[in-house]
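[1] Provided below are the primary sequence and the corresponding predicted coordinates.
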There are 2 protein chains.
Amino acid sequence: MDPYPKPLRDLISQLKRLPGVGEKTATRLALFILADRENLAEGLARSLQNVHENIRLCSVCFNLTDKPRCSICQDPLRDASLICVVEEPSDVLALEAAHTYKGLYHVLHGLISPMGGVGPDDIKLPELLERLKRSHVGEVIVATNPSVEGEGTFHYIEKIIEDNKLEVRVSRIASGIPMGGELKYMDQVTLASALRYRRIVKDR
Amino acid sequence: MDPYPKPLRDLISQLKRLPGVGEKTATRLALFILADRENLAEGLARSLQNVHENIRLCSVCFNLTDKPRCSICQDPLRDASLICVVEEPSDVLALEAAHTYKGLYHVLHGLISPMGGVGPDDIKLPELLERLKRSHVGEVIVATNPSVEGEGTFHYIEKIIEDNKLEVRVSRIASGIPMGGELKYMDQVTLASALRYRRIVKDR
C-alpha cells in the first residue's frame, strides 16, 4: 500500500518529468515543498501558471517574452543591422551575459537534424528568410553550436541567403580552444578547427 | 538589461528556493519547463496547487494525508498496539518500503534540539502522550535517527512514559553497522554502539 496520499504522489510524478530528477530527488523536493513554512507550493504554482499563461515568443526574433515584441527587439539602442542566429532562448541569455553584442537575435528553436527528423521548415528558418528579405540587415552571425547539426544549419543558412541573392554578409562565431582551456585536454576536432581558423597576427 | 521577461525571472527565483537548486539549475529547469510541449508548466502548477490545498496532517499520527485520517491509520489490518515514532513523513516512507512493519506511526515533525531552540512542545510530543494515555498501546518503538537530537528525543519519550506511569513497553531501533557496510570504514561511535548492543547468539 502506498503510504503517501494521491496529491503528493502526483506531485512526485510531475517533478520526475524535470531533467535530472529521478524518484528520490522528486520525493525529496516534494517533501521539502510541503514542509516549507513560507508557502513555496503556492508561490511556485503561481509562477508556473503565470509563465504558462503569459510567456510567448517574440513576433520578430522568437525569443521568450511577455509582450508582443521582446525587450531586445524593442530597444532603440540595439543595432538592427546585425542579427545573431541562435538555437535556443538560453543561448540569448549566455550571449547577453557576455555584454559584447549589441545587435538583434533570431532564435531558431532547434537545429536542422535529418537523423532527428527536423527539417528547415520545422524551425524558425522560413521566418529568418522573410525577416532578411523585408528588413535591411547588414550581417547575419550564425552562432549555433559547433556540432554536426549546428554546422549543418549554418551551411543551410549560407545557402538560402545565396539562393535568394540577398545582399547580406554571413559570418560564423569562432570555434577553437576556450579561454583557460589546455591544449593537451582538447579533442582532435577542436584542435583541428583551432589550427584551421588561426588568426594571422603579422603577415609577411 | 535583463533579456528574460519578468514571469520567467519570477519562476527562476521560485525554483531557486528548492534545496540544491542554484541560479544555473533554476534557469535550466525554467527553460526546460517552457520548451516542453506537453504542458509541464500547467501540470506541475496544478499538482502544486492540489498539494497546497489538499495535503494535511493525519489527525491521529500526523503523517501526510489528503483525508482526515491517513491510509495507514485507517487500515484495519495494521496492528494498533504498536506505535513507531519517527521524525519526518519521509521516515514513514522509508520504513514502509522495507515491508516489515505492520503497526502504526507517530510523526513528530522535528526532534528536541536545545541548540536549535526546539522544545518538546514544539513538536508532536504532547500529542504522542495524549495518544498513549487514551489508547491501549503495547509498545512504542522510537525510530528517530541515531544522532544527538534523535537520542535526546528518545530519552525524553522514555522519561515522559515513566513519569506518567504508562504501561507501555519502549524500544529503540537497533543502531550498528549497516548491511553491506565495512568495519574499516565505520566511524568510532558506530563501532562502539555496534559492540555495545551486540546480540548474544549462544549463551553459556
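    Structure received.
[2] contacts, neighbours, all on C-alpha from now
    Fine.
[3] per-residue confidence for the nearest residue to A:Lys124 once chain neighbours are set aside?
    The spatial neighbour of A:Lys124 that comes closest, neighbours along the chain excluded (Cα to Cα, 6 or more residues apart in numbering or on different chains), is A:Leu108 at 4.6 Å. As predicted, A:Leu108 sits at a pLDDT of 96.
[4] Next up, the contacts around A:Leu108.
    Contact criterion Cα atoms under 8 Å, 6 or more residues apart in numbering or on different chains gives A:62, A:85-88, A:123-125 as the residues in contact with A:Leu108.
[5] OK, now which residue of chain A is nearest to chain B?
    Of all residues in chain A, A:Ala45 sits closest to chain B, at 4.2 Å by Cα to the nearest Cα.
[6] where's the dip in pLDDT among the contacts of A:Leu108?
    Per-residue pLDDT puts A:Glu88 lowest of those, at 91.
[7] my read: that residue touches A:His106, true?
    No. Counting by Cα atoms under 8 Å, A:Glu88 sits too far from A:His106 to count as a contact (9.2 Å).
[8] Which one's more surrounded, those two?
    Between A:Glu88 and A:His106, counted using other Cα atoms under 10 Å in any protein chain shown, A:His106 has the larger neighbour count: 27 against 20.
[9] What residues are bridge-paired with that one?
    Partner residues in beta bridges with A:His106: A:Val85, with DSSP bridges as the criterion.
[10] check contacts around the closest residue in space to A:Arg169 that isn't next to it in sequence.
    Spatial nearest neighbour of A:Arg169, excluding adjacent residues (Cα to Cα, 6+ apart): A:Glu139 at 4.5 Å. By Cα under 8 Å, 6+ apart, A:Glu139 lies in contact with A:81-83, A:168-171.
[11] Closest one to A:Asp36 out of those, please.
    The shortest separation between A:Asp36 and any of the contacts of A:Glu139 is 44.9 Å, and it belongs to A:Ile83 (by Cα to Cα).
[12] That closest one touches A:Lys102, doesn't it?
    No. Counting by Cα under 8 Å, A:Lys102 is not a contact partner of A:Ile83; they are 9.6 Å apart.
[13] Compare these two (neighbour count), which wins?
    Ranked by neighbour count (other Cα under 10 Å), A:Ile83 and A:Lys102 place A:Ile83 first, with 24 against 15.
[14] measure the more buried one to A:Arg172 for me?
    Here the distance between A:Ile83 and A:Arg172 works out to 12 Å (Cα to Cα, to the nearest Å).
[15] if we can go back for a sec, the residue of chain A closest to chain B: which element?
    Here A:Ala45 is covered by helix A:40-54, with elements defined by DSSP states H and E.
[16] So which residues make contact with that helix?
    Counting contacts by Cα under 8 Å, 6+ apart, the residues outside helix A:40-54 that touch it are A:33-34, A:66, B:7-8, B:10-11, B:14-15, B:17, B:34, B:41-42, B:44-46, B:48-49, B:51-52.
[17] residues near A:Asn39, how many?
    Using other Cα under 10 Å, A:Asn39 has 13 other residues around it.
[18] Report the contact partners of it.
    Residues counted as contacts of A:Asn39 (Cα under 8 Å, 6+ apart) are A:Ile33.
[19] how about the residue positioned nearest the centre of chain A, phi and psi?
    Nearest to the centroid of the C-alpha atoms of chain A, with distances taken as Cα atoms, centre = their mean, sits A:Glu88, at 1.7 Å. Listed backbone geometry of A:Glu88 is phi -130, psi 160, with angles given as degrees, to the nearest 10.
[20] residue contacts, the nearest residue to it once chain neighbours are set aside?
    Sequence neighbours aside, A:His109 is the residue nearest to A:Glu88 in space, at 5.2 Å (criterion: Cα to Cα, 6+ apart). By Cα under 8 Å, 6+ apart, the residues touching A:His109 are A:87-89, A:123-124.
[21] Same check on A:Lys6?
    For A:Lys6, the contact set (Cα under 8 Å, 6+ apart) comprises B:Asp66.
[22] could you redo the last one with a cut-off of 7 Å?
    Residues in contact with A:Lys6, defined by Cα atoms under 7 Å, 6 or more residues apart in numbering or on different chains, are absent; none qualify.
[23] Give me the distance between it and B:Lys67.
    In this view, A:Lys6 and B:Lys67 are 10 Å apart by Cα to Cα.
[24] For chain A, which residues are neighbours of chain B?
    Neighbours of chain B within chain A, by Cα under 7 Å from any Cα of the partner chain: A:3-5, A:7-8, A:10-11, A:14, A:18, A:29, A:41-52, A:64-66, A:71-72, A:93.
[25] Now the buried members of the residues you listed.
    Neighbour counting over these (16 or more other Cα atoms under 10 Å in any protein chain shown) leaves A:3-5, A:7-8, A:10-11, A:14, A:18, A:29, A:41-52, A:64-66, A:71-72 as the buried ones.
[26] Would you verify that A:Glu158 is located in a helix?
    Yes. Counting by DSSP: H, G, I helix; E, B strand; the rest coil, one finds A:Glu158 located in a helix.
[27] any idea how far A:Val140 is from it?
    Using Cα to Cα, A:Glu158 is found at 9 Å from A:Val140.
[28] what residues are shared contacts of A:Ile83 and A:Arg172?
    Common neighbours of A:Ile83 and A:Arg172 (Cα under 7 Å, 6+ apart) are A:Ile141.
[29] Now do the shared contacts for A:Glu158 and A:Val140.
    Counting by Cα under 7 Å, 6+ apart, the shared contacts of A:Glu158 and A:Val140 are A:Val170.
[30] neighbour-wise, which of those two wins?
    Counting neighbours by other Cα under 10 Å for A:Glu158 and for A:Val140 shows that A:Val140 has the greater number, 24 against 18.
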